[in-house]
Every structure is written in C-alpha cells, then in structure tokens.
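A.B. asks: sequence-free structure coming up:
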C-alpha cells in the first residue's frame with residue numbers, strides 16, 4: 001500500500017454521509033487489488049469464508065443489515081473478489097449528531113469568501129444527519145485493516161443505512177486498491193490535481209456506486225433526489241460548498257462512467273478545474289481561457305476562485321437555478337488582494353455569458369451591501385462590479401475609497417488593475 005501518497009490525495013476519508021455536458025465513457029478497466037493480482041470483469045471467489053467476512057464491533061445491534069453481504073455486493077459491482085481486497089471491520093455507534101458552528105474554507109479564500117457570501121448565515125448551526133460514516137485506513141487502526149465507522153439513529157430507515165454502508169465500502173476499495181492507480185499515474189494525479197478536487201471525485205465515486213447498489217438491491221429509496229435536495233437546501237453557504245463535492249462529484253462520475261468497473265479511468269483523469277467537475281468534463285476538455293492580470297506590486301495574487309465557488313456565492317442572492325446558469329459560462333478568473341481590499345477578475349466564455357453574470361453579480365452584491373446583520377462581515381464594506389470588456393468582469397471589494405478609485409481596463413487579452421496609490 002502506498003498510504004503516504006494516498007493520504008496526500010485524500011487527507012482523511014472522514015465526514016462522509018452516504019445518502020446525501022458529459023464526456024465519453026471509458027471502457028471497463030482491469031484493477032489490481034490489494035494482493036497485486038489482476039481482477040478481470042468476472043472473478044469466482046476463491047477466498048475462504050472467514051477471509052471475506054466483515055467483523056462488526058461496537059453497538060452491532062443497531063446495524064439492521066448483514067455487513068458481509070453488503071461488502072460482497074460492493075466488491076462484485078467493482079468486478080473484484082474477496083481474494084483481492086481484505087474485508088474491513090465495521091464499528092457501529094449511535095448517530096454522532098455532530099454539530100458544526102463554523103465551516104472554514106481554504107485559507108486563501110476564507111476572508112474573501114465571507115465578503116462575497118460563501119460564509120453567509122454562519123450563525124446557523126449545522127448538524128450532521130444520520131446515518132453517517134467515515135473510513136479509517138489501516139495506518140490509523142490498531143491492526144492491518146480498514147475500519148468503517150457508522151453512526152446510526154434509532155429511526156434511520158434500513159435502506160438508508162444499507163446505502164450508507166455501501167458508500168463507505170467504496171472508500172475501503174479505494175484505499176485497499178490505491179484507486180487502481182500505478183505509482184506513475186498516482187504521481188501524475190498529485191502533480192496536476194488539488195487534493196480538494198480529487199476528494200470530490202473520491203466522494204462522487206462512492207455516491208455513484210451507492211446509486212448503482214440501490215437500483216439493484218434496495219426499494220423505496222431515491223438517492224439522486226435525496227442528494228439534489230440535500231445540496232440545494234444546504235446552508236450556510238460554506239456548508240453548501242462542502243456538500244458540493246458529493247453532489248457535483250456524483251454528477252461528474254455518472255457523466256463519465258457507465259459502470260463501477262470504469263471508475264479506474266475516472267480516477268486516472270480527474271478534473272483539474274471546478275468547471276470540469278460541475279459539467280462532467282475530462283481534464284483535456286474546456287481548459288481555462290487565457291487571462292493575464294497586471295497590477296501594482298502591492299497587489300498579491302490569491303489564485304483562482306473557480307466556477308463552483310462563484311455559483312455557490314451567488315445562491316446567497318439569487319435563485320439556485322439562476323446562480324448555476326450565471327456561473328455556467330465561466331472561462332477563467334484571478335483573485336488579487338492588497339491588505340483588506342480585493343479585486344476579482346472573471347473572464348467568461350462569451351459576451352452573452354458575461355452579461356448574464358453581470359446581472360447576477362449586481363443583484364448579489366446589492367443584497368450583500370443592504371444586509372442589516374452581516375455575519376462576521378464589516379457593515380461598511382463596499383462592492384463595485386466593472387464590465388472590463390465584452391467577456392470580462394471585475395468585482396472590487398473593500399474599503400469604499402479604494403473600491404471607487406480603482407481602475408480596471410483591458411489591453412488585448414490582458415487586464416490592467418491600477419490606482420494612484422498602487
């Protein structure tokens with residue numbers, strides 16, 4: 001196992017909730033299991049019965065399904081046998097009902113995210129729904145096995161518990177097979193893809209397999225509808241952003257795979273931008289459009305915000321569908337910071353997309369500026385939307401004098417940002 005490299009991609013397989021423009025589908029892949037043996041599409045199990053049995057620990061009476069049966073079904077969906085992947089241990093406990101009072105974003109985006117609405121309504125607590133679960137890899141257990149931790153409430157439907165267990169078992173398969181990636185492939189993914197982006201694919205794959213599992217083995221459960229509803233009603237927006245990996249991760253995987261046996265090709269070529277994640281695109285589809293931003297030396301680049309954060313931020317002020325439509329033409333962006341002032345340059349695919357976003361942004365920042373009780377956001381913060389050229393917008397956020405005096409202009413494909421003091 002290459003746990004060091006694996007954990008660099010998936011810092012912790014924690015906090016999973018089970019039932020919460022497509023590219024071409026790849027062919028079925030041959031995956032190497034934990035034993036290193038190739039696993040063809042159909043494998044007859046040669047493992048002794050005790051090797052495939054899932055041991056249940058903790059409050060096992062809470063588990064209303066046969067943990068081993070679910071495990072064997074998930075393996076079969078992947079085209080794997082118990083001889084290839086060691087069975088995990090399942091630890092059952094009462095539902096955690098863990099409550100989050102604040103969800104932090106990436107450090108570079110945190111304050112800016114709060115200013116544009118990503119941390120809005122932060123005073124509202126978020127309680128993790130049950131059933132819930134997470135996986136501890138072998139390096140984090142007291143033995144050479146993966147442990148699935150499942151929290152179950154007294155009223156949780158049996159089908160939801162089983163779907164959650166199937167979701168967590170997918171993570172076990174990912175860990176034990178190293179996502180079916182060779183050393184060279186894993187190195188390439190690490191070089192090109194952020195841990196957060198790969199985490200969305202990781203969770204999306206688990207949601208996708210749980211969907212296939214539910215269609216085959218469960219009745220009275222619609223995971224797609226539940227997942228969509230959970231994402232759309234998620235608040236505050238920082239929490240919504242964290243749930244986006246499950247919702248859009250699932251959609252991305254479902255757009256690119258027709259079977260769980262095709263997941264290795266998705267793992268090997270994960271999206272590199274949130275645009276590709278949202279729209280189910282391969283990394284060679286819809287690359288960011290050219291964007292060069294020139295500013296004074298006091299302005300520091302804070303990287304790319306991306307289509308997904310743009311969309312989620314907009315939901316604070318406009319309807320969900322309108323936010324998705326306004327963000328859908330995203331082509332590239334750059335965030336600059338100077339002290340407590342920010343300039344966000346967003347280049348869209350075409351003029352029509354830029355006009356749609358301009359309208360949505362104007363409505364959004366008007367709402368932010370008019371808020372009477374902003375959560376952790378200065379009440380005197382100022383906003384200004386600038387149409388830089390046909391395809392490009394600028395959003396200036398900060399102290400009112402800077403916001404009003406800042407000049408943003410286009411020079412070919414480049415954008416110039418300047419003030420007299422810059």
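C.D. replies: Cool, the structure landed. Predicted, not measured: the structure shown is a model, and the values here were computed from it.
A.B. asks: Provide the contact partners of stretch 390-398 at residue level.
C.D. replies: Residues from elsewhere that reach stretch 390-398, judged by Cβ atoms under 8 Å, 6 or more residues apart in numbering: 112, 115-116, 289, 291, 331, 339-351, 353-354, 357-358, 361, 365, 381-388, 402-403, 406, 408, 410, 415, 417. (Glycine included, C-beta is placed from N, CA and C.)
A.B. asks: Go again with 6 Å.
C.D. replies: Applying Cβ atoms under 6 Å, 6 or more residues apart in numbering, the external contacts of stretch 390-398 come out as 115, 340-348, 351, 354, 358, 383-386, 388, 403, 406, 408.
A.B. asks: How far does it sit from its chain's centre?
C.D. replies: On the basis of Cα atoms, centre = their mean, to the nearest Å, stretch 390-398 is displaced by 26 Å from the centre of the chain it belongs to.
A.B. asks: Could you do stretch 362-372 as well?
C.D. replies: So, by Cα atoms, centre = their mean, the centroid of stretch 362-372 is 27 Å from its chain's centroid.
A.B. asks: Give me the buried positions along that stretch.
C.D. replies: Within stretch 362-372, the residues scored as buried using 16 or more other Cβ atoms under 10 Å are 364, 365, 368.
A.B. asks: Can you add secondary structure, distance to residue 129 and pLDDT and give those back as JSON lines?
C.D. replies: Below are the buried residues of stretch 362-372 laid out as JSON lines (DSSP: H, G, I helix; E, B strand; the rest coil; distance: Cβ to Cβ, whole Å; pLDDT from 0 to 100):
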{"residue": "364", "secondary structure": "helix", "distance to residue 129": "29", "pLDDT": "93"}
{"residue": "365", "secondary structure": "helix", "distance to residue 129": "32", "pLDDT": "92"}
{"residue": "368", "secondary structure": "helix", "distance to residue 129": "29", "pLDDT": "87"}
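A.B. asks: can those go into TSV with extra columns for distance to residue 180?
C.D. replies: Listed next are the buried residues of stretch 362-372 as TSV, based on distance: Cβ to Cβ, whole Å:
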residue	distance to residue 180
364	42
365	45
368	45
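A.B. asks: any idea which of these is the one closest to residue 263?
C.D. replies: residue 364 (36.8 Å; Cβ to Cβ).
A.B. asks: Correct me if wrong: the closest one contacts residue 313.
C.D. replies: No. Residue 364 lies out of contact with residue 313 (Cβ atoms under 6 Å); the separation is 7.2 Å.
A.B. asks: these two touch, right, residue 332 and residue 347?
C.D. replies: Yes. Residue 332 is within contact range of residue 347, at 4.9 Å (criterion: Cβ under 6 Å).
A.B. asks: Neighbour count: the two, which is higher?
C.D. replies: residue 347 (26 against 23; other Cβ atoms under 10 Å).
A.B. asks: quick one: contacts of the helix or strand that contains that one?
C.D. replies: Using DSSP states H and E, residue 347 sits in strand 341-348. Residues outside strand 341-348 that contact it (Cβ under 6 Å, 6+ apart): 112, 289, 291, 293, 329, 331-336, 354, 357, 391-398, 402, 415, 417.
A.B. asks: Show the buried residues in the residues you listed.
C.D. replies: 112, 291, 293, 329, 331-336, 354, 357, 391-398, 402, 415, 417.
A.B. asks: Restricted to strands, list those residues.
C.D. replies: Among these, the residues falling in strands (DSSP state E) are 293, 331-336, 392-398, 415, 417.
A.B. asks: Looking at the residues you listed, which is nearest residue 137?
C.D. replies: Comparing these against residue 137 with Cβ to Cβ picks out residue 335 as the nearest, at 34.0 Å.
A.B. asks: ok, that closest one to residue 215 distance?
C.D. replies: Residue 335 sits 41 Å away from residue 215, going by Cβ to Cβ, to the nearest Å.
A.B. asks: Also residue 240?
C.D. replies: With Cβ to Cβ as the criterion, residue 240 and residue 215 are 27 Å apart.
A.B. asks: Settle it for me: which of those two has more neighbours?
C.D. replies: Taking neighbours as other Cβ under 10 Å, residue 240 and residue 215 compare with residue 240 leading, 25 against 12.
A.B. asks: Could you give the secondary structure assignment for that one?
C.D. replies: Judged by DSSP: H, G, I helix; E, B strand; the rest coil, the three-state class of residue 240 is helix.
A.B. asks: For the nearest residue to it once chain neighbours are set aside, give me the pLDDT.
C.D. replies: With sequence-adjacent residues excluded and distances taken as Cβ to Cβ, 6 or more residues apart in numbering, residue 240 is closest to residue 234, at 4.0 Å. For residue 234, the pLDDT comes out at 86.
A.B. asks: likewise residue 402?
C.D. replies: 89.
A.B. asks: ok, it - contacts?
C.D. replies: The neighbourhood of residue 402, defined by Cβ under 6 Å, 6+ apart, consists of residue 341.
A.B. asks: what about it, distance to residue 299?
C.D. replies: Remark: distance between residue 402 and residue 299 (Cβ to Cβ) = 11 Å.
A.B. asks: do the same with residue 111
C.D. replies: 16 Å.
A.B. asks: Between these two, tell me which one has more neighbours.
C.D. replies: Neighbour count, other Cβ under 10 Å: between residue 111 and residue 299, residue 299 has more, with 20 against 17.
A.B. asks: these two touch, right, the more buried one and residue 335?
C.D. replies: No. Taking contacts as Cβ under 6 Å, residue 299 lies outside contact range of residue 335: 10.3 Å.
A.B. asks: returning to what we had before: what is the burial count for the residue nearest to residue 240?
C.D. replies: Counted by other Cβ under 10 Å, the residues lying close to residue 234 total 21.
A.B. asks: Touching, it and residue 242? I think so.
C.D. replies: No. Assessed by Cβ under 6 Å, residue 234 is found out of contact with residue 242, at 8.1 Å.
A.B. asks: what is in contact with residue 332 and residue 347 at once?
C.D. replies: Applying Cβ under 6 Å, 6+ apart, one finds that residue 332 and residue 347 are jointly contacted by 289, 291.
A.B. asks: The stretch 1-150 of the chain: helices as residue ranges?
C.D. replies: Listed in chain order, the helices of the stretch 1-150 of the chain (DSSP state H, counting those that start in this stretch) span residues 3-9, 49-52, 67-78, 110-115.
A.B. asks: now swap in the stretch 201-350 of the chain and tell me
C.D. replies: Counting by DSSP H, counting those that start in this stretch, the stretch 201-350 of the chain has helices at residues 223-233, 237-256, 263-268, 274-279, 307-314, 320-327.
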